[in-house]
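Q: Kindly generate the corresponding structure for this input.
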Amino acid sequence: MNNSVSPVDIPQPAPRSSNPEIMAEEIIERLTYRIGKDAKVAKPHDWLTATILVVRDRIIDRWMESTRKVYATGDKRVYYLSLEFLIGRLMRDAVSNLGLMEEITDALTSLGVDINVISGLEPDAALGNGGLGRLAACFMESMATVEIPAYGYGIRYVHGLFRQQMADGWQVELPETWLAHGNPWEFERRESSYEIGYGGSVESVGGYDDVPRYVWKPAERVIAMAYDTPIVGWRGKRVNTLRLWSAQPIDPILLDAFNAGDHIGALRESNKAEALTRVLYPADANPAGQELRLRQEYFFSSASLQDILRRHLQQYPDFTNLHDKVAIQLNDTHPAISIAELIRLLVDVHGMDMEEAWDITRQTFSYTNHTLLPEALESWPVPLFERLLPRLMQIVYAINTKILLDARKGKKFSDGQIRSISLIDENGDRRVRMGNLAFVGSHSINGVSALHTELMKETVFADLHALYPARINNKTNGITPRRWLMQCNPGLTGLIRETIGDSFEDDTDALKALDAFADDKTFQEKFAAVKRANKVKLANLVGSRMGIRLDPSAMFDIQIKRIHEYKRQLLNIVEAVALYDQIRSHPELDWVPRVKLFAGKAAPSYHNAKLIIKLANDVARVINNDPAVRGLLKVVFIPNYNVTLAETIVPAADLSEQISTAGMEASGTGNMKFALNGALTIGTLDGANVEMRDHVGAENIVIFGMTAEEVSRVRNEGYDPRAIIEGSRELSQALAAIASGVFSPDDRSRFAELIDGIYTSDWFLVAGDFDAYANAQREVDQIWADPTSWYGKTIRNTARMGWFSSDRTIRQYATEIWRA
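A: Numbering: from 1, shown residues only. Below is the predicted model:
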């Protein structure tokens, strides 16, 4: 390419046709020349790849146009740094957003190919774990939809989290192999490669009269290689980039060692580099796991920042306007190391003054907090941090010095407040507090629900809030309605379109028009028919995968999320046991048939979470095989929860379980997905449940249990779970059955310790909220028994959930934080 020719002078390809006949011809062309297969012998996966390539070509045209536009206008770019991007399958998402679903379907049909068959072969991108990663994926799609120039930065995990299987009811972790056959959506960008250093030493250079400069000489280096995936906004108005980093060694093989016979040792550097991007959240119960996590976080943070600075210098002469042209959002504390790294790059590499670099850094970064659990706010042992990242340790100390002096002299902070805001935790072994680093290095710190934001000010960041009272703000989470209504629930989408028109596709607030039909008998019947069809689909999936027969006329009572004690799957299971006892004891009562469905993964080193999965499966085995239950209650734990599974489960839910201990769930987004798809929520006043109640109406959600304020008071004033248990017959009998081995005859003490924890401490208030939860479930039964009331409430949920679109959330970020 002649460097004197600007990109706008280069002839551009003609727009590609959306004619199904032409698209069918292109699919055959890709099949023949890109995959090397004759259509007569092509397998379904060949058709899938060929179809993706045809769709991808249409995305590329818009992708390049989007990129050219931002270079031409000089618009501010947003960079979203996240350790997780749970994007799921992309083909249907991309085709739908381009408005080509009918055309692609017709093209494939003309070739004798069923789009449903081949799209089902696309692997879920194993790039996340739960809500954090799914939120990042929704935000990427919404940023493209509302036309914000944005890059997402993360890690290209080879195996991601893990593939969950069950062995005798226990979770078994197996490697996810989503990249085994390549990824047709991604593009390798070998020109975007950066060196990442670890260890070594820091040297001071400069003469006696000079301001000292510091040079970090790492002992180890790896290469970060970029892979780009296009993210299409609704109606294809803009295409943004998800850039993921893969680690490669400087020297892939030590030939001297190999030729000397050390064939394994010769690949040591290669294996060490590749380990960085193999697994999401390696177990950190041991020092090696902790070191790998810190290496991962620095790896992707440094590569991303080097890439951002390179792109900035392509358009501007220096970094004095960086904060005017760049907004960097930290999705939780995982990329918080970026704050120290940006200062290092500006000062050590680009020669900027430390004070100016600190000022620019704070104006450039913003931080989203996702947890009120102190243990979830990452911290690293100082010896590990200093050994692995010696120059960044110096910078952290420099930032800390500035912050603590300002707090002591300017705000007259006490010793206790100083200890609280310090970047170094000195309670026990010294640790670097990444949450505090993210806070002091950002101009904006946002919570993800109104309740969570207020609790941040009062709890984990109380003293930092006192130091910087203008920084904390709220941006309630949202979900993309394209994937979580239009794509996953075409039946309901079609019914809504038939009833109120299609304006809701561009503005979810238009769903409010459904309110007028909530009590309409004809509409309720159609709404119920859509729900039943979705339940039949889920029942067929459970039957084919697990051999369990479900009755679609039963209430589908669903809790799907990461397994954690604060999310209280245990409360749900204990109530199921109590219900089981009542059904057997009182066969004369008119019980509502229920299917309790669970899904979710437990962290490999989280013993109690894995034990809760085992308990769910043990309880399911007993209840599902007891003839005395007469099919009125079934319990199912569906393995290997992922985005694709959620797309089948969510539309089929009648009851959505959002029952976390109040004050512990930052927001939740599963609650929004269920409600949008016409499920009734049973939940505590926690996270976004509070705002959902305000939007859907208190009469259209079932709230129970202690509030966050009451939880705090009970914990502070003293809590006696044993007394509560002994005062509740149903609870005490259910716990006794579990603890004594009724559900684990092969190991009667299996759950004794788990249940003993409820008796002796019960930090998550399973006992404290049990009676309120059981009563709320009986209230749900009563509503279910009146179909007119039930569907009136669930239709109003769908009608009133439009505010919880991630488009609204992103517009708030853009206006109030990024100024984009």
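Q: Can you find the helix or strand in this structure with the smallest mean pLDDT?
A: Every helix and strand in the chain was compared by mean pLDDT, DSSP states H and E; the lowest is helix 255-259, with a mean of 83.
Q: Which of the helices or strands spans the residue nearest to residue 472 when sequence neighbours are not counted?
A: Of all residues not flanking residue 472 in the chain, residue 445 sits nearest, at 5.1 Å (C-beta to C-beta, 6 or more residues apart in numbering). Glycine gets a C-beta too; all of them are placed from N, C-alpha and C. Using DSSP states H and E, residue 445 maps to strand 444-447.
Q: other SSEs contacting that strand?
A: In this structure, strand 444-447 packs against strand 365-368, helix 450-458, strand 472-474, with contacts taken as 3 or more C-beta pairs under 8 Å, 6 or more residues apart in numbering; DSSP states H and E.
Q: Parallel or antiparallel, which strands does that strand pair with?
A: The sheet places strand 444-447 alongside strand 365-368 (parallel), strand 472-474 (parallel), with pairing taken from DSSP bridges.
Q: Mind giving me the packing neighbours of the next helix or strand after the longest one?
A: Scanning the chain past strand 365-368 towards its C-terminal end, the next helix or strand to appear is strand 379-381 (assignment: DSSP H and E). Here strand 379-381 is seen to pack against helix 287-315, strand 431-433, helix 434-440 when contacts are counted using 3+ C-beta pairs under 8 Å, 6+ apart.
Q: Can you give the distance from the helix or strand following the first one to the centre of its chain?
A: Tracing the chain C-terminally past helix 287-315 and defining elements by DSSP H and E, one meets helix 322-325 next. Distance of helix 322-325 from its chain centroid, counting by C-alpha atoms, centre = their mean, to the nearest Å, is 28 Å.
Q: which residues touch stretch 87-96?
A: 48, 51-52, 55-56, 59, 101, 104, 119, 122-125, 127-128, 137, 140-141, 185, 229, 231-232, 242, 482-483, 486-487, 642-644, 647 (C-beta atoms under 8 Å, 6 or more residues apart in numbering).
Q: Which of these fall within helices?
A: Using DSSP state H, the subset of the contacts of stretch 87-96 located in helices is 48, 51-52, 55-56, 59, 101, 104, 119, 137, 140-141, 643-644, 647.
Q: Tell me where the stretch 101-250 of the chain has strands.
A: In the stretch 101-250 of the chain, the strands defined using DSSP state E, counting those that start in this stretch lie at 150-155, 163-167, 170-174, 187-198, 201-205, 213-217, 220-232, 239-249.
Q: Make JSON lines out of those and add mean pLDDT and mean neighbour count.
A: Shown next, in JSON lines, are those (pLDDT from 0 to 100; neighbours: other C-beta atoms under 10 Å):
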{"stretch": "strand 150-155", "mean pLDDT": "98", "mean neighbour count": "26"}
{"stretch": "strand 163-167", "mean pLDDT": "97", "mean neighbour count": "15"}
{"stretch": "strand 170-174", "mean pLDDT": "97", "mean neighbour count": "16"}
{"stretch": "strand 187-198", "mean pLDDT": "97", "mean neighbour count": "15"}
{"stretch": "strand 201-205", "mean pLDDT": "93", "mean neighbour count": "11"}
{"stretch": "strand 213-217", "mean pLDDT": "94", "mean neighbour count": "14"}
{"stretch": "strand 220-232", "mean pLDDT": "98", "mean neighbour count": "21"}
{"stretch": "strand 239-249", "mean pLDDT": "97", "mean neighbour count": "23"}
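Q: among the ones you listed, which is nearest residue 627?
A: strand 163-167 (24.3 Å; C-beta to C-beta).
Q: now the angle between strand 170-174 and that closest one, please.
A: Strand 163-167 and strand 170-174 are oriented at 140 degrees to each other (axes from the mean of the first three to the mean of the last three C-alpha atoms, to 10 degrees).
Q: what are the pairing partners of strand 163-167, and which direction each?
A: Paired strands of strand 163-167, defined by DSSP bridges, are strand 170-174 (antiparallel).
Q: got the contact list for the strand it pairs with?
A: Looking at what lies outside strand 170-174 - C-beta under 8 Å, 6+ apart - the contacts are 162-166, 601-602, 604, 610, 613-614, 617.
Q: Repeat that for stretch 422-441.
A: Against stretch 422-441 from outside (C-beta under 8 Å, 6+ apart): 330, 333, 336-337, 339-340, 361-362, 365, 367, 369, 377-382, 385, 393, 396-397, 399-400, 403-404, 419, 421, 445, 460-461, 464, 468, 471.
Q: and it, how far from the chain's centre?
A: Distance, centroid of stretch 422-441 to centroid of chain: 25 Å (C-alpha atoms, centre = their mean).
Q: Sort out which residues of it are buried, please.
A: 422-425, 430-441 (16 or more other C-beta atoms under 10 Å).
Q: pull the CA atoms of that stretch into CSV?
A: The C-alpha trace of stretch 422-441 is given here as CSV (Å, rounded to 0.1, in the frame of the first residue of the first chain):
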residue,chain,number,x,y,z
SER,A,422,-4.3,2.6,52.6
LEU,A,423,-3.4,0.6,49.5
ILE,A,424,-1.5,-1.7,51.8
ASP,A,425,-3.5,-3.9,54.1
GLU,A,426,-1.4,-4.4,57.3
ASN,A,427,-3.9,-6.7,59.1
GLY,A,428,-1.6,-9.7,59.2
ASP,A,429,0.7,-10.2,56.3
ARG,A,430,1.0,-7.1,54.1
ARG,A,431,-1.2,-7.2,51.0
VAL,A,432,-1.9,-4.8,48.1
ARG,A,433,-5.5,-3.9,48.1
MET,A,434,-6.7,-3.7,44.4
GLY,A,435,-10.1,-2.3,45.3
ASN,A,436,-8.5,0.7,47.0
LEU,A,437,-6.1,1.1,44.1
ALA,A,438,-9.1,1.1,41.6
PHE,A,439,-10.9,3.7,43.8
VAL,A,440,-8.1,6.2,44.2
GLY,A,441,-7.0,5.9,40.6
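Q: For the stretch 251-400 of the chain, which residues score under the pLDDT cut-off?
A: Residue ranges of the stretch 251-400 of the chain with pLDDT under 70: none are present.
Q: what's the answer for the stretch 1-150 of the chain, then?
A: For the stretch 1-150 of the chain, the ranges with pLDDT under 70 are 1-14.
Q: if we can go back for a sec, I'd like the strands of the stretch 101-250 of the chain laid out as TSV, including distance to residue 675.
A: Shown next, in TSV, are those (distance: least, C-beta to C-beta, whole Å):
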stretch	distance to residue 675
strand 150-155	27
strand 163-167	26
strand 170-174	29
strand 187-198	37
strand 201-205	53
strand 213-217	50
strand 220-232	25
strand 239-249	28
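Q: pretty sure residue 242 contacts residue 226?
A: No. Contact criterion C-beta atoms under 8 Å: residue 242 and residue 226 do not qualify, at 10.5 Å.
Q: which residues do those two both contact?
A: Common neighbours of residue 242 and residue 226 (C-beta under 8 Å, 6+ apart) do not exist.
Q: which non-adjacent residue is nearest residue 24?
A: residue 107 (4.1 Å).
Q: From residue 241, how far off is that neighbour?
A: Residue 107 is 27 Å from residue 241, where distance means C-beta to C-beta, to the nearest Å.
Q: Show the contacting residues for the residue nearest to residue 472.
A: Residue 445 touches 366-369, 438-439, 456, 461, 471-473, counting by C-beta under 8 Å, 6+ apart.
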